[in-house]
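**Q** Here's a sequence, model it:
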Amino acid sequence: MITKSTALEVLNEALSTGADFAEIYLEEDDQTTINMDNGKVESCDDTLTRGAGIRLLKDLRSVYGYTNNITRAGLLRLARDLSASFDGERLLTVDSITKVRQGKKHLPKIRYSEFPREELIAMLKKSSDACLAYDEKIVRCEISFAFNYKTVEIFNSTGKQFGDVHSRGRYIVTATARDERGIETFHHRPGAQKGMEFFLEEVDLDEEARSAAQSALTLLGAKECPSGKMTVIIGNGFGGVIFHESCGHSLEASSVSKGLSVFSGKKGEKIASDIVSAVDDGTIDGAWGSGNIDDEGNPTARNLLIKNGVLTSYLVDSFNGRRMNEPGNGACRRESYKFEPTSRMSNTFILNGKSTPEEIIANTEFGLYAKDMGGGSVNPATGEFNFAVNEGYIVENGKISYPVKGATLIGSGKEVLLNIDMVGNDLLRAQGMCGAASGSIPADVGEPTIRVQNMTVGGRGGTIK
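**A** Residues are numbered from 1 along each chain as shown. The predicted model follows:
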């Protein structure tokens, strides 16, 4: 996007007043979003954005700015403006730039831009028809299909140049069911960092639509969930959002380095049940949150966060690593050039255990089976959370008894981790968008089926005695 000579000029301009590190991040992002309602295309938006961000560091201070003017003059102007934040003498000069060769994982086999748009729309309409035809109570099917192709280029004052490409696609289908009892909705949302081949070979869009319809119908007949302390079985896949939110964010250096995390200073200590191990792995080929490098050029890594209940590592970016005396470990991310990067998760999940999901249910006398999780909120400083259950069932005498709705899981990450007493062998990852200081980024959450004892469940179906 820019030449090495321009990058050298901009970096040295940025370093002129005493910064000890400078970085230029450039991106070009080609995005498309198609929205369909009951088989009719409501919108089809194509967007191309280009821009650059410049970051300067000096000790424990950081300065960041961005521009969509990526000409030599525009970048020099931004570098000059940012350098005015410091008033010292030049500490270093960048004399040359060497391009660092990266891996070639995550590249699409079929680029979305090369797949005929009319064929894609026909596929989406077919899945919409499958949803609406599932049952007469299904009154609406909304579909969103979004994909992008992003090219990234990074130059920094160590004299290195990095590059990466991201191609992601995601299908979200929302089914609405209605009868005399009310209205219920349910959605499925598969995605990957792959090309159109993912939706042609690995995902059955019609089946995803029918499954969403079935879950919406189940909710129509569901009772209100009872409340109280109980055993909770959390399903695999998106059930991992509990770990992601209640624990994962508290392991990011942006909070750990400042002592603002419940897990600050806990490395080497037991924070979870002995049967719990968890990783953040940005190297998984084609995974939603993966990359060859993170957003400051470090190679992505498989970071073991918890091993047999013991906290083994944090997610560290280079800047917050300065406070911790630790190097970045491939966990620095951002939404776009408009955001300063910081430590973030990529694909974060609890590892497989030894129990089958059937054994977990069979060994539960009474409890809630949270088959599919929804959104929620968490305080990283305390790990306290509040999450909605999209699809839940009461378990009685080792069997799934009846569906419930309106369930909420309430607690803290440190309590949940210690109270996990069964871990399944059915690990599955699911796709989500994670929002934090550096914007909204694609991230996989995941886990096998797990069982948690003494969890607080909120609901309007009466109190468990």
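
**Q** buried ones in the helix or strand containing Ala209?
**A** Element membership of Ala209, judged by DSSP states H and E, is helix 205-220. For helix 205-220, the neighbour count (16 or more other Cβ atoms under 10 Å) marks 205-206, 208-220 as buried. The way it works is simple: take the backbone N, C-alpha and C, and place the C-beta from them, glycine included.

**Q** Nearest residue to Arg302 in space, please, no chain neighbours.
**A** The shortest distance from Arg302 to any non-neighbouring residue, by Cβ to Cβ, 6 or more residues apart in numbering, is to Asp281 (4.2 Å).

**Q** and the one you found, how many neighbours?
**A** Counted with other Cβ atoms under 10 Å, the neighbours of Asp281 add up to 22.

**Q** mind listing what it touches?
**A** Ala287, Ser290, Ala301, Arg302, Asn303, Ser346, Asn347, Thr348, Phe349 (Cβ atoms under 8 Å, 6 or more residues apart in numbering).

**Q** Please apply the same query to Gly65.
**A** Gly53, Ile54, Leu78, Asp81, Leu82.

**Q** Try it again at 6 Å.
**A** Counting by Cβ atoms under 6 Å, 6 or more residues apart in numbering, Gly65 touches Ile54, Leu78, Leu82.

**Q** The helix holding Ala209: what's the following helix or strand?
**A** strand 223-224.

**Q** Let's test this: mean pLDDT of that following strand, rounded?
**A** For strand 223-224, the mean pLDDT works out to 95.

**Q** Where do the strands of the stretch 201-350 of the chain begin and end?
**A** Ranges of strands within the stretch 201-350 of the chain are 223-224, 228-234, 278-281, 302-307, 310-311, 332-333, 342-343, 347-350, based on DSSP state E, counting those that start in this stretch.

**Q** Also the stretch 1-150 of the chain?
**A** Under DSSP E, counting those that start in this stretch, the stretch 1-150 of the chain gives strands at 21-37, 40-58, 61-67, 98-99, 138-156.

**Q** Show me where the stretch 201-350 of the chain dips below the pLDDT cut-off.
**A** Of all residues in the stretch 201-350 of the chain, none has pLDDT under 70.

**Q** before we move on, back to that, if we take the contacts of Gly65, which one ends up nearest to Tyr402?
**A** The closest of those to Tyr402 turns out to be Ile54 (Cβ to Cβ; 57.7 Å).

**Q** My guess is the closest one contacts Leu78. True?
**A** Yes - here Ile54 reaches Leu78: they are 5.5 Å apart, a contact under Cβ atoms under 6 Å.

**Q** The two: who's more crowded?
**A** More crowded of Ile54 and Leu78, by other Cβ under 10 Å: Ile54, with 27 against 22.

**Q** Bridging across strands, which residues link to that one?
**A** Ile24, Gly65 (DSSP bridges).

**Q** quick one, what contacts it?
**A** Ile24, Gly65, Leu78, Ala79, Leu82 are the contacts of Ile54 under Cβ under 6 Å, 6+ apart.

**Q** Of the contacts of Asp281, keep whichever come out buried.
**A** For the contacts of Asp281, buried by 16+ other Cβ under 10 Å: Ala287, Ser290, Ala301, Asn303, Ser346, Asn347, Thr348, Phe349.

**Q** export those to JSON lines and tack on distance to Gly459?
**A** Formatted as JSON lines, those follow (distance: Cβ to Cβ, whole Å):
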{"residue": "Ala287", "distance to Gly459": "34"}
{"residue": "Ser290", "distance to Gly459": "37"}
{"residue": "Ala301", "distance to Gly459": "41"}
{"residue": "Asn303", "distance to Gly459": "36"}
{"residue": "Ser346", "distance to Gly459": "34"}
{"residue": "Asn347", "distance to Gly459": "31"}
{"residue": "Thr348", "distance to Gly459": "28"}
{"residue": "Phe349", "distance to Gly459": "27"}
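
**Q** For Val276, state which of those is nearest.
**A** Of all those, Val276 sits closest to Phe349, with 11.4 Å by Cβ to Cβ.

**Q** Can you show me the helices along the stretch 351-465 of the chain?
**A** Along the stretch 351-465 of the chain, counting by DSSP state H, counting those that start in this stretch, helices occupy 357-362, 413-419.

**Q** Show me the one of these that comes nearest Gly268.
**A** That would be helix 413-419 among the helices of the stretch 351-465 of the chain, by Cβ to Cβ, at 15.5 Å.

**Q** mind checking how far that closest one is from the chain centre?
**A** In terms of Cα atoms, centre = their mean, to the nearest Å, the centre of helix 413-419 is found 21 Å from the chain centre.

**Q** And stretch 151-158, by the same measure?
**A** On Cα atoms, centre = their mean, the centre of stretch 151-158 falls 23 Å from the chain's centre.

**Q** Kindly report the same for stretch 157-173.
**A** 14 Å.

**Q** what's the residue lying closest to Glu89 once chain neighbours are set aside sitting at in phi/psi?
**A** In space, and not counting its chain neighbours, Glu89 is closest to Gly18: 5.8 Å by Cβ to Cβ, 6+ apart. With angles defined as degrees, to the nearest 10, Gly18 sits at phi 110, psi 0.
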